[in-house]
Every structure is written in structure tokens, then in C-alpha cells.
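A.B. asks: Whatever this is, show me its structure:
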Amino acid sequence: MALLEVDDLRTYFHTREGVVRAVEGVSFSVEKGETLGIVGESGSGKSVANYSLLGLVPCPPGRIESGTARFGGIDLLRCSAEERRAVRGRRISMVFQDPMTALNPYMTIGEQVMEPLLVHEGSTRGQARERAAATMDSVGIPDASKRLSDYPHQYSGGMRQRVMIAMALITKPEILIADEPTTALDVTVQAQILALIKKRQQDLGMAVILVTHDFGIVAGVCDRVLVMYAGRIVESAATRELFRNPRHPYTKALMASMPSAHAKGEELYTIPGMPPDLARPMTGCPFAPRCEHAVDMCRRGATALVEIAPGRASACLRVQAGEL
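C.D. replies: From the prediction side, this is the model:
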């Protein structure tokens with residue numbers, strides 16, 4: 001049985017301009033010890049889907065319209081606030097995209113790293129401080145015991161991200177959700193952060209959900225990949241199979257737009273058009289207006305993620321029909 005099973009998750013934002021369907025019928029599972037990558041353009045629903053699991057979508061305007069997320073015998077989307085608080089930060093932790101805005105500038109680093117232990121495990125302040133120093137040391141922060149008294153602005157960007165990882169891992173969670181944890185970091189620090197997450201995953205045996213827009217990161221650390229577009233999963237595959245033979249035009253277009261796919265001096269490929277307006281009802285495939293392979297049935301037919309081979313699924317109607 002999977003560690004986490006999400007089925008038909010729909011999260012909408014009710015605004016004055018209309019209902020924005022940010023996540024539309026997303027289903028996936030995560031196994032113990034697995035690294036699941038979720039990749040797609042900005043605005044594709046990657047982060048909102050994971051915020052929904054932990055009750056972090058602001059309401060209003062956000063609202064979970066339907067779906068289930070079964071974890072450890074409870075439904076994360078329908079459980080009480082008390083049950084969710086017992087899971088969030090203890091059994092499922094999250095590393096946010098921007099540590100400077102995620103960390104409280106008015107609290108010391110030590111207070112923030114200790115907080116999960118004080119809230120979830122009832123540790124004394126002495127015990128919590130000792131474990132906080134040890135955890136910060138394990139994620140590569142030098143002189144950790146002395147730096148507990150520092151504030152976030154006294155840390156570099158890479159060190160702040162290490163603090164976020166220490167906060168997330170201090171309770172030894174079963175699942176770590178990493179929401180674009182390396183976006184604002186330079187390439188060298190990116191590699192250090194990803195290696196750190198991988199090492200701590202192996203030490204603790206936890207599952208990792210890695211949200212990113214970078215296929216290079218996906219190729220290096222993920223076991224399985226979900227590709228999202230317009231709030232939907234359009235392809236699902238093992239990482240090796242996805243790179244060997246992508247089975248959705250959007251996945252192929254994303255890969256073609258990577259700078260590494262081009263010779264030096266060659267013009268970079270750009271996906272034509274713009275993502276759809278999620279506040280407007282869509283018929284057919286949401287990628288059809290930008291797809292060079294789209295035909296009439298793509299613009300009219302109902303799309304769904306369908307298994308096309310063992311462990312592989314695609315939402316492309318032409319792929320499902322064997323035409324691509």
C-alpha cells in the first residue's frame with residue numbers, strides 16, 4: 001500500500017473575475033523511500049496541489065472542491081484541524097521556495113528550528129536546543145550551537161535554505177515536500193542542497209515530493225515524474241522512461257526548450273502561445289492551442305490521464321489512439 005494516495009484532487013480559487021481551477025482532478029501516489037518529481041511551468045498547479053494536502057491554501061479565496069488524500073489511515077483533505085496539525089510539521093514536512101519569506105525575521109533561527117519539537121514532541125527547551133544544534137550541524141551549518149541566536153538576515157541564501165531543511169527534518173518526517181528548494185540559489189549551492197536532501201532521505205528512509213520546473217534536477221534525483229499543465233497531470237512515468245521516450249507533446253516541448261538541448265549559439269526553442277486562462281472553462285486538451293500535433297479531436301474530446309503501458313500514463317488523445 002502506498003504511503004500517500006491522492007485521488008481526484010480539485011482546488012479552486014473563487015475570485016471576482018471568476019472561478020480559477022488551479023488544480024483539476026489530480027491523482028497520484030507516493031511510496032515509502034521514493035522521490036517523486038512534479039514538474040511544469042509556473043502556474044501549472046504544482047505548488048497548490050501540495051499546499052492543499054497540508055491545509056495551506058488560503059480560504060477564502062481557495063477551496064478544496066473534491067478529492068481524497070489518504071495518509072496513515074486519515075484523509076488529509078477531510079480531517080479535523082487538530083488531526084491535520086498533528087501530521088503537518090511532524091509526519092509530513094515542507095521546505096518552501098523562498099526561505100527569506102518563510103522564516104520569521106523577528107525570531108531567532110534557534111527558536112524556529114526548536115519549535116516543531118516543542119509543539120509536537122513536548123521536549124524541554126534544553127532538549128530542543130540540543131537537538132536543534134545537532135540537526136543544523138547535520139545539514140552543514142558551521143558553529144551551529146553558536147548560530148542558534150542569529151536572525152535570518154544574518155544567514156546567506158544557501159544557509160537559510162539549510163535552516164529550512166533542518167526545520168523540516170528535525171521531527172524525522174515520513175514525507176518531505178520540497179517546493180522548488182533551489183530556485184533562488186546558484187548552481188554550486190543547488191547541488192549541495194539536493195545532495196543534502198538525498199543523504200537525509202537515505203538516513204531517515206522518508207519519501208520526497210520534489211516540486212520543480214527544472215528537468216535537470218528531475219533527471220538527477222527523482223525516481224518517478226509527474227508532468228503538470230493547466231492544473232492537470234498530463235504525463236506520468238519513471239524518470240528514465242520519461243527522458244528516453246516522452247509520451248505527451250507538452251513534455252517533449254518542455255524538454256526541447258532546455259538550453260542543454262541546443263548547440264552553442266543555436267536559437268533556443270520556445271513553446272508557442274501562452275498557458276490557458278484557468279478562470280475560463282476548457283474543452284478538449286488544454287495544451288491543444290499550443291500543440292503542433294493537435295487535430296480536431298484534441299480540441300473537442302474529453303481528456304483524461306490513461307495508462308498506455310505498465311507504469312506509464314499520458315493525457316494526449318493522439319498518443320492514446322496510437323497515432324503519435
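A.B. asks: domain assignment for this structure?
C.D. replies: Domains of the chain are assigned by automatic domain parsing as 4-91+171-320, 92-170.
A.B. asks: For the shortest one, the averaged confidence score.
C.D. replies: In this case it means domain 92-170. Confidence over domain 92-170 (mean pLDDT, whole number) is 89.
A.B. asks: quick check, distance from it to the centre of its chain.
C.D. replies: Domain 92-170 sits 21 Å away from the centroid of its parent chain (Cα atoms, centre = their mean, to the nearest Å).
A.B. asks: What's the end-to-end length of that domain?
C.D. replies: 11 Å (Cα to Cα, to the nearest Å).
A.B. asks: can you redo the domains of the chain as JSON lines with mean neighbour count?
C.D. replies: For every residue, glycine as well, the C-beta is placed using N, CA and C. Below are those laid out as JSON lines (neighbours: other Cβ atoms under 10 Å):
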{"stretch": "domain 4-91+171-320", "mean neighbour count": "18"}
{"stretch": "domain 92-170", "mean neighbour count": "18"}
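A.B. asks: So the closest residue to Arg63 other than its chain neighbours, which state does it fall into?
C.D. replies: Nearest residue to Arg63, sequence neighbours excluded (Cβ to Cβ, 6 or more residues apart in numbering): Tyr12, at 5.8 Å. Here Tyr12 is recorded as strand under DSSP: H, G, I helix; E, B strand; the rest coil.
A.B. asks: Isn't Tyr12 up against Gly25?
C.D. replies: No - Tyr12 is beyond contact range of Gly25, at 11.6 Å (criterion: Cβ atoms under 8 Å).
A.B. asks: So Met136 versus Met164, what's the distance?
C.D. replies: 11 Å (Cβ to Cβ, to the nearest Å).
A.B. asks: Which stretches in this structure count as strands?
C.D. replies: 4-15, 18-30, 35-39, 62-71, 74-75, 92-95, 175-179, 207-212, 224-229, 232-238, 306-309, 312-314 (DSSP state E).
A.B. asks: From the contact counts, what lies against the longest one?
C.D. replies: The elements that strand 18-30 packs onto, with contact taken as 3 or more Cβ pairs under 8 Å, 6 or more residues apart in numbering; DSSP states H and E, are strand 4-15, helix 46-53, strand 232-238.
A.B. asks: rerun that using 6 Å as the cut-off
C.D. replies: In this structure, strand 18-30 makes packing contacts with strand 4-15, helix 46-53, judged by 3 or more Cβ pairs under 6 Å, 6 or more residues apart in numbering; DSSP states H and E.
A.B. asks: Using JSON lines, lay out these together with mean pLDDT and distance to Phe215.
C.D. replies: Converted to JSON lines, the helices and strands packed on strand 18-30 look like this (pLDDT from 0 to 100; distance: least, Cβ to Cβ, whole Å):
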{"stretch": "strand 4-15", "mean pLDDT": "95", "distance to Phe215": "23"}
{"stretch": "helix 46-53", "mean pLDDT": "93", "distance to Phe215": "13"}
